[in-house]
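Student: One predicted model, sequence on top.
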Amino acid sequence: MLASTRRAERRSAFILIAPFLLIYLVLFIYPTLKMLELSFTNAPLIGAGDWVYFKNYVRLFGDRLFKTAVWNTGYFVVLTVVPNVAIGLLIALMVDRLKGWTQSVVLAAFFLPYILPVSVVFLMWRWILDLQFGIAQYPIEFFYGERVPVFRTIPWFLPMVGLITIWWTNGFNVLLFIAGLRNISPEIYDAAAMDGANRWQLFWKITWPLIWPVTALVATIQLILQLKIFDQVYLFSVGGRSEPTMVLVQYIYREAFQRNHGGYAATIATALFVLIAALSVLQYQVLRARGAE
C-alpha cells in the first residue's frame with residue numbers, strides 16, 4: 001500500500017513538472033547545446049559551416065576587441081552592481097518608514113522608471129543630456145567648467161550609462177528590499193528599543209542580518225543583468241565610436257548580425273555564458289557564507 005502511494009505521488013509530481021521540463025529543454029538546454037556546437041565551426045548566422053574545432057577559441061584569446069569588451073563589461077559591473085544594491089536598500093529603508101498612501105505614492109514614483117521601455121529611457125536621457133538644450137548640462141557646466149557631449153566622450157560614456165541604468169532599474173531592487181523588510185517582525189524592534197538600542201544599533205544588529213538573504217539575491221540578480229548589458233550601451237553609442245565602449249553582448253551582436261560570423265559569435269556567447277555562471281555562483285556562495293557567519 002505504501003509503495004503504491006509513493007508511485008502515485010511520483011507520477012503526480014512528474015505530471016506537474018513535465019511542462020516546465022519540456023519548456024526548459026526546448027528553450028534553454030537545446031539552444032545552449034546548439035550554441036556550443038556552433039562555436040566549433042565557421043558557420044554563418046544561418047546555414048551550415050565547416051568544423052574548425054578550437055580555432056575560434058584560440059582566436060578569442062588573441063582578440064584585442066574581445067579583451068576590450070571584457071574590460072568594459074567588468075567596468076560597467078563595478079559601476080552599477082554595488083551602487084544599485086546600496087541605493088535600493090537605502091531607499092527601501094526610507095520608504096518603509098512611511099505609512100499609508102504616502103508610502104504607496106513614493107514607492108510608485110521610484111518604481112515608475114522600471115516599467116519604461118529602454119527606447120523611452122534613451123530618448124528621455126538623450127534630451128536631458130543634450131549638448132545645447134539638455135537641462136543636465138547646466139550642473140555639468142557649473143562643476144566641470146564647460147558642457148560635455150557625454151555620449152561621445154569615452155571617459156564619460158560608461159559612467160553616465162551606468163548612472164542611467166541605476167535610475168532605470170533601481171525600483172525593482174526597492175520592491176525586493178521592501179518585501180524583505182516587511183518580513184521582519186516589529187516585535188523584535190520593540191524589544192531591542194526597550195533594551196535601549198539606538199537607530200544605528202537596530203539597523204546593524206537586526207535589520208542588516210535579517211535582510212542579508214534578500215541583499216544576496218538582489219546582488220546576484222544585478223550581477224547577471226549587468227554582465228548582459230546591451231540595450232543602453234548600443235542605443236547611446238549609435239553614431240559614435242562604438243569599439244572603445246564595446247561590451248560583450250554588443251560584440252556578439254556585431255559578429256552575428258552585422259558580420260554574419262555565427263560560429264565566432266557563438267564562441268563569444270559561450271565565453272559570456274561561462275563567465276556569468278561562474279561569477280554568479282561564486283558571488284552567491286560568498287554572500288551566503290557571509291550571511292551565515
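Tutor: Everything's here; your move. Numbering: from 1, shown residues only.
Student: ok, the closest residue to D96 other than its chain neighbours - how many residues close by?
Tutor: Closest residue in space to D96, ignoring its immediate chain neighbours: L181 at 4.8 Å, by Cβ to Cβ, 6 or more residues apart in numbering. Yep, even glycine has a C-beta here, placed from its N, CA and C like the rest. The number of residues packed around L181, counting by other Cβ atoms under 10 Å, is 18.
Student: same deal with A108?
Tutor: A108 has 10 neighbours, counted by other Cβ under 10 Å.
Student: now A86
Tutor: Using other Cβ under 10 Å, A86 is surrounded by 14 other residues.
Student: which residues of this structure score low on pLDDT?
Tutor: Residue ranges of the chain with pLDDT under 70: 1-3, 239-241, 289-293.
Student: Quick check: longest helix in it by residues?
Tutor: As assigned by DSSP state H, the longest helix anywhere in the chain is helix 64-96.
Student: buried set for that one?
Tutor: Neighbour counts over helix 64-96 (16 or more other Cβ atoms under 10 Å) mark 66, 68-70, 72-74, 76-77, 79-81, 83-85, 88-89, 91-93, 95-96 as buried.
Student: Look up phi and psi at the residue nearest the centre of the chain.
Tutor: A centroid search over the chain (Cα atoms, centre = their mean) returns L225, at 1.9 Å, as the residue closest to the centre. As for L225, its main-chain torsions (degrees, to the nearest 10) stand at phi -60, psi -40.
Student: show me what contacts the closest residue to it other than its chain neighbours?
Tutor: Spatial nearest neighbour of L225, chain neighbours left out: T169 (7.3 Å); criterion: Cβ to Cβ, 6+ apart. Residues counted as contacts of T169 (Cβ atoms under 8 Å, 6 or more residues apart in numbering) are 84, 113-114, 222, 225.
Student: Out of those, flag the one nearest to V174.
Tutor: Nearest to V174 among the contacts of T169, counting by Cβ to Cβ, is Y114 at 8.9 Å.
Student: is it true that the closest one lies in a strand?
Tutor: No: looking at Y114 with DSSP: H, G, I helix; E, B strand; the rest coil, it is helix, so not inside a strand.
Student: V247 against T73, yeah?
Tutor: Yes: V247 is within contact range of T73, at 4.7 Å (criterion: Cβ atoms under 8 Å).
Student: what residues do these two have in common as contacts?
Tutor: By Cβ under 8 Å, 6+ apart, V247 and T73 have these common neighbours: I229.
Student: separation between the residue nearest to the centre of the chain and Y264?
Tutor: Going from L225 to Y264 by Cβ to Cβ, to the nearest Å gives 25 Å.
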